[in-house]
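In: here is my input, please return the structure:
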Amino acid sequence: MPIIKTKALLIAGTASGVGKTTVATGIMAALSKRYKVQPFKVGPDFIDPGHHTKICGRTSRNLDSYIMGESGVIETFTRASEGADFCIIEGVMGLFDGLDSTEIASTAHIAKILDVPVILVMNAHGVSRSIAAVVKGFSEFDRGVNIQGIILNNAGSDRHVRLIKDSLHGAGIKSLLSGRFQ
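Out: Got it, this is the predicted structure:
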């Protein structure tokens, strides 16, 4: 495992289209006002890293375990994070979506290689208690992935968020970050 000298966080999604880019760039922008933030993107993407670079003023780096191998991911992360106060990694697709139904090149694989905590972005539109089942499944699917919280995107109201929080608490899930991003 690499020795991470900066605070790092990986923003993952349950699937594509849940708002992880909006959340990741929002966190990068907020932190960049006071700190040196090093952005990263899982996979061979070039569009999101362009936005990251503009927001953070530091070149965003891709982390792809298929192309770079585990040692290349560690080397790139370690080198690029020098001098940064925070590292924010934006995931790709759903947390566990990798090459040919494996973990290779998945967001989860990068989280495990770098041993960084994960915040899971979920689309809360049209669901309440079912979120607890999804979170439970994601948190138990691979215990090597350190999911530390969730962000609810597209929550309909404060009451909706409260229903979801109550469901999570009832399922024994204590860690929750929530917000209404519409």
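
In: please identify the buried residues of the host helix or strand of K54?
Out: K54 is located in helix 47-56, with elements delineated by DSSP states H and E. Of the residues in helix 47-56, those with enough neighbours to count as buried (16 or more other CB atoms under 10 Å) are 48-49, 51-52, 55-56. In short, each C-beta sits where N, CA and C put it, glycine included.

In: residue furthest from the geometric center of the protein?
Out: Ranked by distance from the centre of the chain (CA atoms, centre = their mean), the top residue is R159, with 25.6 Å.

In: distance of that residue from A133?
Out: Relative to A133, R159 is positioned 20 Å away (CB to CB, to the nearest Å).

In: do Y66 as well
Out: Y66 is 31 Å from A133, by CB to CB.

In: those two: which has the busier surroundings?
Out: In this view Y66 and A133 are compared by other CB atoms under 10 Å, and Y66 has more residues nearby, 15 against 12.

In: all helices of the chain, in order?
Out: 20-32, 47-56, 65-80, 107-114, 130-141, 158-170 (DSSP state H).

In: pipe these into CSV and attach mean pLDDT per row.
Out: Listed next are the helices of the chain as CSV, based on pLDDT from 0 to 100:
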stretch, mean pLDDT
helix 20-32, 97
helix 47-56, 96
helix 65-80, 97
helix 107-114, 98
helix 130-141, 94
helix 158-170, 89
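
In: out of the ones you listed, which one sits most buried?
Out: The highest mean neighbour count among the helices of the chain, using mean count of other CB atoms under 10 Å, belongs to helix 107-114: a mean of 24.

In: which strands or helices does it pack on?
Out: strand 7-13, helix 65-80, strand 118-123 (3 or more CB pairs under 8 Å, 6 or more residues apart in numbering; DSSP states H and E).

In: surely A132 and I173 touch.
Out: Yes - under the criterion of CB atoms under 8 Å, A132 makes contact with I173 at 6.4 Å.

In: if we ignore the residues flanking it in sequence, what's nearest N123?
Out: V18 (4.5 Å; CB to CB, 6 or more residues apart in numbering).
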